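Asks: Quick one: sequence plus predicted model below, questions after.
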Amino acid sequence: MTERPDPSYVAPELLVRCHANTLEDYRVFARSTEGGALEESPGRLFASLNSLDSLENLAFALEPPDDPREFLDRATDFYRRHPAPWAVLAFPGAVEALDPVLSAAGFLDEGTFPGMVLYPIPAERPAPPLELRIERACTLRELRDLEGAASRAYGVPYGEPDPRWLTVPGVALYVGYFQEEPVAHGALIVSQSVAGVAYIGTVPECRRRGFAEAVVWRIVSEGRAAGCDAAYLWATPLGRTVYERMGFRTVVDYRIWSAPGFPLPGSIRRP
């Protein structure tokens with residue numbers, strides 16, 4: 001009897017590239033955001049995008065720390081110097097070492113968030129809804145439209161966007177308009193021949209109309225045109241079934257703990 005292939009399997013080389021793409025996302029935005037900050041050493045990366053969204057200020061544990069308490073102390077010191085709501089994200093191998101230390105320190109276990117791959121990227125994409133116009137943000141006005149839609153989608157009061165985001169190599173930002181109002185948004189990060197899909201959202205009154213899915217397809221196709229062979233994203237509870245329908249599959253689960261007093265935005269948190 002032939003065994004069915006494991007749907008979560010991905011070639012180790014591709015998973016390494018996907019992880020590297022994720023980290024590059026945080027690097028480029030930390031470096032191109034007013035007040036952003038970055039600290040990196042073997043096995044860890046601390047990033048602050050100077051945002052009120054704790055998912056944009058993450059302390060990454062890429063591997064099991066030799067001293068979990070020291071990891072937490074270093075992260076706490078970093079976010080004390082760069083104040084922002086923050087959270088810890090552990091790659092699978094680091095979870096067991098960090099969990100008891102973070103729990104004892106009052107961090108809130110936000111559960112697992114799946115990393116999902118679309119591989120290979122299909123040559124064709126579905127047509128977007130006729131009523132949705134998707135534009136690449138090329139002006140400060142469009143950038144403000146994107147941040148306004150994101151504030152409504154995530155329930156987070158994002159501040160003034162940094163104009164440098166428009167000129168970061170390998171990064172493209174997209175806004176979806178319905179009746180000339182910005183209602184959907186997303187970002188493409190090209191790195192490691194992977195199309196990183198990030199910052200996806202739709203304002204509450206326009207959900208379940210295929211708008212976010214259309215933005216993701218636009219990002220994925222632009223990534224393919226840029227030479228990417230795979231697309232990668234983290235799924236929120238709202239988006240996971242959409243991505244599965246598109247052909248994305250879960251290949252890894254990250255664990256997230258939010259710092260005391262800084263829970264994840266309500267639209268992102270798991271029930």
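Replies: Here it is on my side, so go on. Numbers count the residues shown, from 1 in each chain.

Asks: residues of stretch 151-160 that come out buried?
Replies: 151-154, 156, 158 (16 or more other C-beta atoms under 10 Å). Glycine gets a C-beta too; all of them are placed from N, C-alpha and C.

Asks: Which stretches in the stretch 51-200 of the chain count as strands?
Replies: Along the stretch 51-200 of the chain, counting by DSSP state E, counting those that start in this stretch, strands occupy 58-61, 87-90, 108-118, 132-136, 171-178, 181-191, 194-202.

Asks: Now do the fifth one and strand 194-202, the angle between them.
Replies: In other words, strand 171-178. Strand 171-178 runs at 30 degrees relative to strand 194-202, counting by axes from the mean of the first three to the mean of the last three C-alpha atoms, to 10 degrees.

Asks: so what strands line up beside strand 171-178?
Replies: Its sheet considered, strand 171-178 pairs with strand 132-136 (antiparallel), strand 181-191 (antiparallel) by DSSP bridges.

Asks: how distant is the host helix or strand of V252 from the center of its chain?
Replies: Following DSSP states H and E, one finds V252 within strand 249-258. When distances are taken as C-alpha atoms, centre = their mean, to the nearest Å, strand 249-258 is centred 11 Å away from the chain's centroid.

Asks: Can you give the strand pairings for it, parallel or anti for each?
Replies: By DSSP bridges, strand 249-258 pairs with strand 87-90 (antiparallel), strand 108-118 (antiparallel).

Asks: Now render those strands as CSV, adding mean pLDDT.
Replies: Shown next, in CSV, are the strands paired with strand 249-258 (pLDDT from 0 to 100):
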stretch, mean pLDDT
strand 87-90, 98
strand 108-118, 95
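
Asks: Now render the ones you listed as JSON lines, adding distance to G170.
Replies: Shown next, in JSON lines, are the strands paired with strand 249-258 (distance: least, C-beta to C-beta, whole Å):
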{"stretch": "strand 87-90", "distance to G170": "22"}
{"stretch": "strand 108-118", "distance to G170": "18"}
